[in-house]
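Colleague: prediction below, plus the sequence it came from.
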Amino acid sequence: MIVIMGAGGATGGATLRSLAALGVPSRALSRDPARLTSALDAHTLARTTALPADAADPESLRAAFRGAHQLFLTMANGPHQVRYELDAIDAAVDCGVAHIVKVSAPAAEPDSPVAVSRGHHLVEERLRSCGVTATVLRPYAFMQKLLLLAPGIAAAGVVHGALGGARCNYVDVRDIGDAAAEVLTRPESAGGTYPLTGGRAYSHPELVSLLGELLGRPVRYVDLGPSELHAHLVDRAGMPDWLAAHVVEIQQLAVAREEAPDDAFRRLVGRAPRTLEDFLVENLHRFR
């Protein structure tokens, strides 16, 4: 049995759907199983068992992990993420889970300039030392996060950032789900570390140019300094301080370290990743 922790989130939900598409049953954990199942399509629901569990309650995790042999571990970034993920790994090991797939992040290093990535490094280190097969997925920026820009584009035709001309990798969360399903269903793929990107990296000027072409009207990119972007995200976008700091750190990492596409997804899944152009066309109504 495969357990999906974080089943209500973007990557957890995508993994549920990818497994269901392969006809593979899974056990989805949620603090509110009824709400989770109400959001699933009929095909996925038929192959999913939803169980109550809370990352802050290790005993509830142990109850949900019993009888499982694999765990897909993904959690939203946040102040308690490291502790919750470490507790989940310990609980899974105690329950005899043999393979854990963790969604991590780029630059998961002890001296990473991104605080969240330093936390992912700590969790990766625990995972690799706990005696189970450990697979790490390191996706770059989610295409779906670009939808957060939609209100500003629809209202004023503007995107703010602190990237200058640096390019960012973008990956569709559905591709993350497909990659996760591969490593969960093909033993020969388990145990590796996979950076996940789309097929091309885009700068913000290139992104707004593409959006402008698709929308048939100008979209501007306003480049800010890191502190200016932080203030904009807190004051105008209503982000909590820690999340605004994370966004700024991620953008500054892209400035400091040139991002280029990786072919790990193609090697793992056997097809090209979804393109940013197709994603934007699919969601163009959100930007109008």
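Modeller: Ah, there it is. Numbering: from 1, shown residues only.
Colleague: packing partners for the strand or helix carrying residue 83?
Modeller: Using DSSP states H and E, the element containing residue 83 is helix 81-94. When contacts are defined as 3 or more C-beta pairs under 8 Å, 6 or more residues apart in numbering; DSSP states H and E, helix 81-94 sits against helix 58-65, strand 70-73, strand 99-103, helix 115-129. Placement of C-beta: from N, CA and C, glycine included.
Colleague: now the last one: average pLDDT?
Modeller: Put plainly, it is helix 115-129. For helix 115-129, mean pLDDT is 95.
Colleague: same check, this time on the first one
Modeller: Taken as a whole, helix 58-65 has an average pLDDT of 94.
Colleague: compute the inter-axis angle for that helix and helix 81-94.
Modeller: Inter-element angle recorded for helix 58-65 and helix 81-94: 50 degrees (by axes from the mean of the first three to the mean of the last three C-alpha atoms, to 10 degrees).
Colleague: can you list contacts of helix 58-65?
Modeller: 3, 5, 27, 29, 51-55, 71, 87-88, 90-92, 94-95, 97 (C-beta atoms under 8 Å, 6 or more residues apart in numbering).
Colleague: repeat that for 6 Å
Modeller: By C-beta atoms under 6 Å, 6 or more residues apart in numbering, the surrounding residues in contact with helix 58-65 are 3, 29, 51, 53-54, 87-88, 91-92, 95, 97.
Colleague: then the last one?
Modeller: In this structure, residues lying in contact with helix 115-129 by C-beta under 6 Å, 6+ apart are 77, 82, 85-86, 89, 100, 102, 104-105, 107-110, 112, 134, 136, 246.
Colleague: ok, 7 Å please
Modeller: Contact partners of helix 115-129, identified using C-beta atoms under 7 Å, 6 or more residues apart in numbering, comprise 77, 81-82, 85-86, 89, 100, 102, 104-110, 112, 134, 136, 246, 249.
Colleague: cool, and the second one?
Modeller: Outside of strand 70-73, the residues within contact range by C-beta under 7 Å, 6+ apart are 2-5, 15, 65, 85, 88, 92, 97-103, 180, 184.
Colleague: now, of those, which are buried?
Modeller: 2-5, 15, 65, 85, 88, 92, 97, 99-103, 180, 184 (16 or more other C-beta atoms under 10 Å).
Colleague: the helices in the protein, which residues?
Modeller: 10-21, 33-38, 42-45, 58-65, 81-94, 115-129, 150-156, 173-185, 204-215, 226-235, 241-256, 264-269, 276-282 (DSSP state H).
Colleague: looking at the ones you listed, spot the one closest to residue 142.
Modeller: helix 173-185 (5.3 Å; C-beta to C-beta).
Colleague: that closest one relative to helix 10-21, how many degrees between them?
Modeller: Using the same axes, to 10 degrees: helix 173-185 against helix 10-21 is 60 degrees.
Colleague: which other helices and strands does helix 173-185 contact?
Modeller: Here helix 173-185 touches helix 10-21, strand 70-73, strand 99-103, strand 133-139, strand 193-196, helix 264-269, going by 3 or more C-beta pairs under 7 Å, 6 or more residues apart in numbering; DSSP states H and E.
Colleague: hmm, try it at 6 Å
Modeller: The elements that helix 173-185 packs onto, with contact taken as 3 or more C-beta pairs under 6 Å, 6 or more residues apart in numbering; DSSP states H and E, are helix 10-21, helix 264-269.
Colleague: need these in CSV with mean pLDDT, can you?
Modeller: Formatted as CSV, the helices and strands packed on helix 173-185 follow (pLDDT from 0 to 100):
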stretch, mean pLDDT
helix 10-21, 96
helix 264-269, 96
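Colleague: list the contacts of stretch 142-156.
Modeller: 10, 158-159, 170, 172-173, 219, 279, 286-287.
Colleague: highest neighbour count among those?
Modeller: residue 170 (27 neighbours; other C-beta atoms under 10 Å).
Colleague: beta-bridge partners for it, please?
Modeller: Beta-bridge partners for residue 170, by DSSP bridges, are residue 141.
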